[in-house]
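Trainee: Sequence and predicted model, in that order:
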2 protein chains.
Amino acid sequence: MPENPSAAMLVIGDEILSGRTRDSNMHHLAGALTRAGIDLREVRVVSDDHAAIVAAVRALSAAYDNVFTSGGIGPTHDDITAEAVAAAFDTPISVRDDARALLEAHYKRSGGQINEARLRMARIPDGAGLIDNPVSIAPGFTIENVHVMAGVPAVFEAMVASVLPTLTGGAPLLSQSLRIERGEGEIAGPLSDLAEKYSDLSIGSYPYVKDGVFGANIVIRGHDGARIDAAIIELNEAFPT
Amino acid sequence: MPENPSAAMLVIGDEILSGRTRDSNMHHLAGALTRAGIDLREVRVVSDDHAAIVAAVRALSAAYDNVFTSGGIGPTHDDITAEAVAAAFDTPISVRDDARALLEAHYKRSGGQINEARLRMARIPDGAGLIDNPVSIAPGFTIENVHVMAGVPAVFEAMVASVLPTLTGGAPLLSQSLRIERGEGEIAGPLSDLAEKYSDLSIGSYPYVKDGVFGANIVIRGHDGARIDAAIIELNEAFPT
């Protein structure tokens, strides 16, 4: 398949690793990137640990075209993502006037008070661009190829919607799937032949067990809809229901 | 907090990265490890790509006490995990008699046929121990500190149950949480003081937006239940409902 721009995601949060919270941002971003023609190639989840975040940001930023982070940019003591991302790029970070103005206007409208904790959310690395947050105003930011976003799903999703139109995508990945109610062991031989014949497509087999019956969903992905159609027809003929 | 044994997870699967499937194995493993007193420190998700799997297995195996992988050990052409894990340890891999015997007995009982594709599931690296799979028989395996398990959630969960009792755990991580219906910006100051006072505990703030109202779940974790109780009481006093 032709190469689309690549991406990685970095999820920052002890609550995911302890099993307390089930992450939903990864699934959301994965779908949004696929529709935009950007290939999500790797996801990492790390804890609220400065060194771990710095190392992951450096590794992913060097390896992929785009990096999206989720979590750790709020006002509390465990929100250390902005500092760590700045450190990853050896860039100074401080309260920036444009971000502070956004917050001040917001709290003025809502009758709240800006305070030291809330000002933490205006700490932005030098040279970073702000990411619009229509939900709760405190902005995310983009530095180099890294997009730093909030962990709260409603805010994360709003920030993804702000960032994606600014990125160059490729051809959207098309897919069709066929459910075959046979064990993968019976499907594997013919499927391997099909994968060889249609080497321009990606053919995946995702097994399941339902009510004690084994089956598999075969998913065929690629950028050429007609080729996918042809492969699905052949697969259907090989395994008539 | 005293150091528990550490762990990482490696999820292998294009279907997660494309957004087609929402992973559930990470959340299951995270909870099971927390109860067992093993700290899950990092998760990586990579695609069905030999080089990516080899690199991730090597990096995680070197950095953590235990590594758990999920996905890619079935009979189809895209099941390449076993080969990649063997390559990560420079170990030969072939159809092993003990694994083959399990599969032969299973297909004999169920009236199925063993074939070339199914025999792929008996490919086990030299020296690896088998992981029992009561759901669909084809075993996982443990090589060095890496536990290689299936991606189908019912099978993954059964294999986790087979492996965990064989590992040395630490003290289970205890936690209590308090829901505070105020924006994090109001909570952050007192919370930071509390985190400093109870530096033996881990105090996390997980914000939410519900019906337009901002709040946060404060989660206090540690190994000493009495200390957690004391911290929760202080927190409650600082933010009476």
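Mentor: Thanks, I have it.

Trainee: quick one, phi psi at the residue positioned nearest the centre of chain A?
Mentor: For chain A, the residue nearest the mean C-alpha position is A:L29 (3.6 Å; CA atoms, centre = their mean). Main-chain dihedrals, A:L29, degrees, to the nearest 10: phi -60, psi -40.

Trainee: thought it was touching A:M9?
Mentor: Yes. At 5.7 Å, A:L29 counts as touching A:M9 under the criterion of CB atoms under 8 Å. All C-beta spots, glycine's among them, are computed from the backbone N, C-alpha and C.

Trainee: who touches both of those two?
Mentor: Residues touching both A:L29 and A:M9 by CB atoms under 8 Å, 6 or more residues apart in numbering or on different chains: A:L40, A:F68, A:S70.

Trainee: just for chain A, where's the confidence low?
Mentor: Counting by pLDDT under 70, chain A shows low-confidence ranges at A:1-2.

Trainee: how much space between the residue nearest to the centre of chain A and chain B?
Mentor: Distance from A:L29 to chain B, counting by CB to the nearest CB, to the nearest Å: 8 Å.

Trainee: can you list the shared contacts of A:L29 and A:M9 in TSV and add neighbour count?
Mentor: As requested, those are arranged in TSV below (neighbours: other CB atoms under 10 Å in any protein chain shown):
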residue	neighbour count
A:L40	26
A:F68	31
A:S70	32
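
Trainee: And these, which is closest to B:V54?
Mentor: A:L40 (19.9 Å; CB to CB).

Trainee: Tell me the helices and strands packed up against the helix or strand harbouring A:V148.
Mentor: Using DSSP states H and E, A:V148 sits within strand A:146-149. Contacts defined by 3 or more CB pairs under 8 Å, 6 or more residues apart in numbering or on different chains; DSSP states H and E place strand A:146-149 against helix A:50-63, strand A:66-70, helix A:81-88, strand A:129-131, strand A:140-143, helix A:153-163.

Trainee: For the residue nearest to the centre of chain A, give me its contacts.
Mentor: For A:L29, the contacting residues are A:M9, A:L40, A:F68, A:S70, A:F156, A:V160, B:G19, by CB under 8 Å, 6+ apart.

Trainee: and if you look at A:I131?
Mentor: Contact partners of A:I131, counting by CB under 8 Å, 6+ apart, are A:P139, A:G140, A:F141, A:T142, A:H147, A:V148, A:M149, A:M159, A:S162, A:V163.

Trainee: Closest one of the residues you listed to B:D132?
Mentor: A:M149 (41.4 Å).

Trainee: Verify the contact between the closest one and A:T69 for me.
Mentor: Yes. Between A:M149 and A:T69 there is a contact under CB under 8 Å: 6.3 Å.

Trainee: follow-up on the earlier one: pick the most buried one from the helices and strands packed on strand A:146-149.
Mentor: Ranked by mean neighbour count, these are led by strand A:66-70 with a mean of 29 (mean count of other CB atoms under 10 Å in any protein chain shown).

Trainee: does it come close to chain B?
Mentor: No. Using CB under 8 Å from any CB of the partner chain, strand A:66-70 stays clear of chain B, coming no nearer than 12.7 Å.

Trainee: Can I take it that A:T168 is in a helix?
Mentor: No. Secondary structure of A:T168 (DSSP: H, G, I helix; E, B strand; the rest coil): coil, not part of a helix.

Trainee: excluding its backbone neighbours, what's nearest it?
Mentor: The shortest distance from A:T168 to any non-neighbouring residue, by CB to CB, 6 or more residues apart in numbering or on different chains, is to A:P5 (6.2 Å).

Trainee: quick one: the one you found from A:L33, how far?
Mentor: The gap separating A:P5 from A:L33 is 9 Å, by CB to CB, to the nearest Å.

Trainee: more crowded one of these two?
Mentor: Here A:P5 and A:L33 are compared on neighbour count by other CB atoms under 10 Å in any protein chain shown; more neighbours surround A:L33, at 28 against 16.

Trainee: surely that one meets A:A7?
Mentor: Yes. The pair A:L33 and A:A7 passes the contact test of CB under 8 Å, sitting 5.7 Å apart.

Trainee: joint contacts of the two?
Mentor: A:D39, A:L40.

Trainee: tell me the domain ranges of chain A?
Mentor: Following automatic domain parsing, one finds the domains of chain A at A:6-166, A:175-238.
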